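Visitor: No sequence on hand, only this structure:
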């Protein structure tokens, strides 16, 4: 079985279906892992369902994969069969029935302030401020173009975010001032944040910027770019912004996804003293 040809075909058909770049990469990564396991078979058609089940069970039994990884793996296998063989295989019984929801990590307001105050590089500060100010995913940050910044309207347009949905977020005055200084200093041509040779800034570069910023700010908790997005949502809800507005600002399809942030603020409520304590 020629795995390379299968993966190339899979990618082309995902592109034709207008899947986002990150989704395509995830599907291909999962499919590649599966194809290595079943490489002894001459073709996809000859792989018995029992072997697919054995593959997933082995991963689960060895404790090597999380619930979300298991879902992604099963979903990729189903999608590959559907797009390459025009065959819908029944694998729903391999999806985990129990989901262990973890509360998302977020930075406190003081930590965000320290991160920004301790970032002296103008470009780095603009990047970190944009992530937090707008609740952006990493891919959304990197895809931002200069034309998406509508300073006269006080908004930023986010194009083809997760689920290929466009959305609008507000452009705070503090962020606008920083972006203007940044633009004058770096003169990006197309994308808001570009590499030294032009074109999109790399994911790795942004991740390193945040990592160094956390060290400088003496933030002990681990954090990723997505932690900035979680912080944005959590701080909005803590400030009393309606959950339905937060849902739209984050670009969530289902309000249940946004509701996780109310659980975080519920923890804060548990710390609130009772009036009895003051008697």
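Guide: Received the coordinates, thanks. A quick note: this is a predicted structure, and the numbers were derived from the prediction, not measured.

Visitor: Pretty sure residue 106 sits in a helix.
Guide: No: under DSSP: H, G, I helix; E, B strand; the rest coil, residue 106 falls outside any helix and is assigned coil.

Visitor: these two touch, right, residue 234 and residue 261?
Guide: Yes: under the criterion of C-beta atoms under 8 Å, residue 234 makes contact with residue 261 at 5.3 Å. To be clear about C-beta, it is placed using only N, CA and C from the backbone, and glycine gets the same treatment.

Visitor: what bits of the chain have low per-residue confidence?
Guide: Along the chain, the model assigns pLDDT under 70 to residues 63-64, 96-102, 160-164, 264-279.

Visitor: which residues of this protein fall in strands?
Guide: Assigned by DSSP state E, the chain shows strands spanning 149-150, 155-158, 167-170.

Visitor: Quick one: distance of stretch 204-211 to the chain centre.
Guide: Counting by C-alpha atoms, centre = their mean, to the nearest Å, stretch 204-211 is centred 15 Å from the centre of its parent chain.

Visitor: tell me which residues of it are tucked away?
Guide: Buried residues in stretch 204-211, counted by 16 or more other C-beta atoms under 10 Å: 205-206, 209-210.

Visitor: For residue 75, give me its contacts.
Guide: By C-beta atoms under 8 Å, 6 or more residues apart in numbering, the contact list for residue 75 reads 27, 30.

Visitor: Next, find the distance separating it from residue 66.
Guide: Between residue 75 and residue 66 the computed distance is 14 Å (C-beta to C-beta, to the nearest Å).

Visitor: who's in contact with stretch 16-32?
Guide: With C-beta under 8 Å, 6+ apart as the contact definition, stretch 16-32 has outside contacts at 3, 6-7, 10-11, 14-15, 72-73, 75-77, 79-80, 83, 139, 160, 162-164.
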